[in-house]
Structures are given as structure tokens and as C-alpha cells.
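Q: starting from these lines, generate the structure:
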Amino acid sequence: MNRHIILTRPAGKNASLQSLLVAAGYPVTELPAIERFPLPLKAGELPDLAGYDLVFFVSGYAVQVFFEMLAQYHLSWPEGLYAGAVGMATANALQEQGVPASQIIHPGPDAENQDSEAFFDELFKKGLDKFTRVLVVRGQAGRQWLAEKLQSLNVRVAFLPVYERKSRAWTPSESKAIIALLQSSKKISWLLTSKESVDSVFNELKRYELVQYCLDHHFLVTHPRIAAQIHEHLKEAMVQGNLPGKAVVINICQPSDASIFEMLTMS
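A: Below you'll find the predicted structure:
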């Protein structure tokens, strides 16, 4: 097929989707935009979970790292403690760690977006009076919307950073392959699943002076905020490079592999 697909999710997150796409006949390049590293927390730095009504996880990776830490220090998830998940994938990761589905609050599969706002709507339905002490398990930095919203409603919020994220530069072999690909006549689709990954990819595109080749590309994202970030980068590139304005194709889908596969193979 003439369409080439570039997957930019972190290493270890692309294998299943890549297999589906290759089986369907699509050439695929795995090009992780972000690297993730667990933070070296000591046992004494882990909070007493019994002191919280809810532990909210910002991603499946946050779940993975957190429960690895619990296992490392021979700790367990308290019975009856509620877990919050930013979306279905994170909720599934919690269930895989043994948290009962009845104790997990998350946006449903039909929610317009899988994000903090959708999670808050679900939490509100449960009754905020049940959740006066919330722990947020996340990376070293992240959106403050949920914490600020809860704090405005007199909920005490604490943070537990368990991993860090860094932009990943392309290797010499990757840059050589991407330059050749972008300079070819192939149609190209990019999968971008975070604002940070957008920034990382466009930093590399600018470094190798490749942004102009992307004006005809197709971008698939998993949230409107990510789409807006792409628009900002392209708008900046068009102005600075005196490039012709174009209506770039950006589609939005749910973050599941099934939804992504469907959107990438529609055209």
C-alpha cells in the first residue's frame, strides 16, 4: 500500500497495533517520541494508602510502575480502596493488577474523551462527599486541572510522581530513514497520543528541516488538545518558513488499538 504509518507511542506500546497494521498490508515505522523511566522511590517515600479515599492514576504506565513498587516493598492494595482511571486502558491495567472493577471509577467506553474532565463527571456521579482525600499517581509533571477542580471543592489532594518522561531524539539510522520516507511520494499517517509527543516529533522535524513535508500528511490523535498542539506547530512553521497555508487533515479517535486501527485504515 502507498500509505506509510508512523507510530510514536513509547517503546513497548506499539507491538500489538503494529502487528495488526502489518497484517492488513500497511508499512509501519515505530518511532517512539517519548522515553519513560520509573523514579527510584524508597519504601518510606510511598504514602500510607489507608489515608486516602481514592487513588487516581493518570495512565496505564503509572499503574504499572506503582504496582511494581508495591510488590518490591511487599505492600498490597487496601481492600475497599477506590481507584480512579483517566480512561478505559488505565482501568483495564488496574483490573490486571487485581483491583476489583467495582472499585474502579473511570469514563465509559462511549465517553467523548478519555481525560480528567470525563473522569470527574464519573466521580461526581458517585458523590464527592465520599472522597475527601485523593492521591494522584502520575509522572513528574502533568495537567493540574483535576487537582485544582477537586481542591476548589475542599478535597485534599496529594501527588505521587512515580516516573519521568523525556523527549527522545531520533538516532542517526532513524533520521536517515525518516528523511528518505518524507522525501518520497508516499502518503504518510502519524499517530500522536500526547502533547509531549507532538512537541518531541516537531522538534526533530525542525532539527532536520522536514516540517514542510508534513503539510500533506495525515495526523491521528486521541484528544482535541493534541490536535490543537499540532495546529500550533504547523502554523508556526508556515509563518516562519513562508510556506503556503494548507488545511492539514487531523482526525481524533479513542485511544484503544481497535479505534486507532479503524481510523488508520479507513482511507
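Q: of all the residues in stretch 143-161, which ones are buried?
A: 146, 147, 149, 150, 155, 157, 159, 160, 161 (16 or more other Cβ atoms under 10 Å). Every residue, glycine included, has its C-beta placed from N, CA and C.
Q: same question for stretch 83-101.
A: 83-94, 99.
Q: what about the longest strand in this structure?
A: If you go by DSSP state E, the chain has its longest strand at strand 156-167.
Q: contacts for that strand?
A: 33-39, 41, 46-47, 52, 61-62, 65-66, 69, 132-141, 147, 150-151, 196, 199-200, 203 (Cβ atoms under 8 Å, 6 or more residues apart in numbering).
Q: follow-up on the earlier one: the buried residues of stretch 83-101 into a markdown table, with extra columns for pLDDT?
A: Compiled in a markdown table, the buried residues of stretch 83-101 are given as follows (pLDDT from 0 to 100):
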| residue | pLDDT |
| --- | --- |
| 83 | 97 |
| 84 | 95 |
| 85 | 94 |
| 86 | 90 |
| 87 | 90 |
| 88 | 89 |
| 89 | 88 |
| 90 | 93 |
| 91 | 94 |
| 92 | 93 |
| 93 | 95 |
| 94 | 97 |
| 99 | 96 |
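Q: can you tell me which of those residues is nearest residue 124?
A: Distances from residue 124 to the buried residues of stretch 83-101, taken as Cβ to Cβ, are shortest for residue 84 (12.0 Å).
Q: in contact with the closest one, which residues?
A: With Cβ under 8 Å, 6+ apart, residue 84 has these contacts: 54, 55, 56, 57, 104, 105, 106, 119, 123, 134.
Q: quickly list what it is bridged to.
A: With DSSP bridges applied, residue 84 shows beta-bridge pairing to residue 56, residue 105.
Q: can you offset everything so residue one is 40?
A: From this message on, residue numbering opens at 40, which makes the last subject residue 123.
Q: neighbours around the closest residue to residue 112 other than its chain neighbours, how many?
A: Among residues not flanking residue 112 along the chain, residue 82 sits closest, at 4.3 Å (Cβ to Cβ, 6 or more residues apart in numbering). Other residues near residue 82 come to 10 when the count uses other Cβ atoms under 10 Å.
Q: wait, residue 82 touches residue 109, no?
A: No. In this structure, residue 82 is not within contact of residue 109 by Cβ atoms under 8 Å, at 10.1 Å.
Q: quick one: buried residues of stretch 217-236?
A: For stretch 217-236, by 16+ other Cβ under 10 Å, it's 217, 220-221, 227-236.
Q: list the contacts of the helix or strand hosting residue 59.
A: If you go by DSSP states H and E, residue 59 is part of helix 54-62. Applying Cβ under 8 Å, 6+ apart, the set of residues contacting helix 54-62 from outside is 44, 46, 67, 69, 296, 299, 300, 303, 304.
Q: stretch 66-79 too?
A: Residues from elsewhere that reach stretch 66-79, judged by Cβ under 8 Å, 6+ apart: 40, 43-50, 53, 57, 60-61, 100, 104, 107-108, 178-179, 200-207, 209, 213, 216-217, 220, 231, 233, 235-237, 239-240.
Q: circling back to that earlier point, going by distance to residue 273, which of the buried residues of stretch 182-200 wins?
A: Nearest member of these to residue 273, counting by Cβ to Cβ, is residue 185, at 29.1 Å.
Q: which element is that closest one on?
A: Residue 185 belongs to helix 184-191, assigned by DSSP H and E.
Q: quick revisit: just the buried subset of the contacts of residue 123, written out for PyMOL, thanks.
A: Selection command for PyMOL covering only the buried members of those, criterion 16+ other Cβ under 10 Å:
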select buried, resi 93+94+95+96+143+144+145+158+162+173
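Q: just the contacts of residue 123 now: which is nearest residue 274?
A: For the contacts of residue 123, the closest approach to residue 274 (Cβ to Cβ) belongs to residue 158, at 30.5 Å.
Q: residues contacting residue 115?
A: Taking Cβ under 8 Å, 6+ apart as the test, what residue 115 contacts is residue 109.
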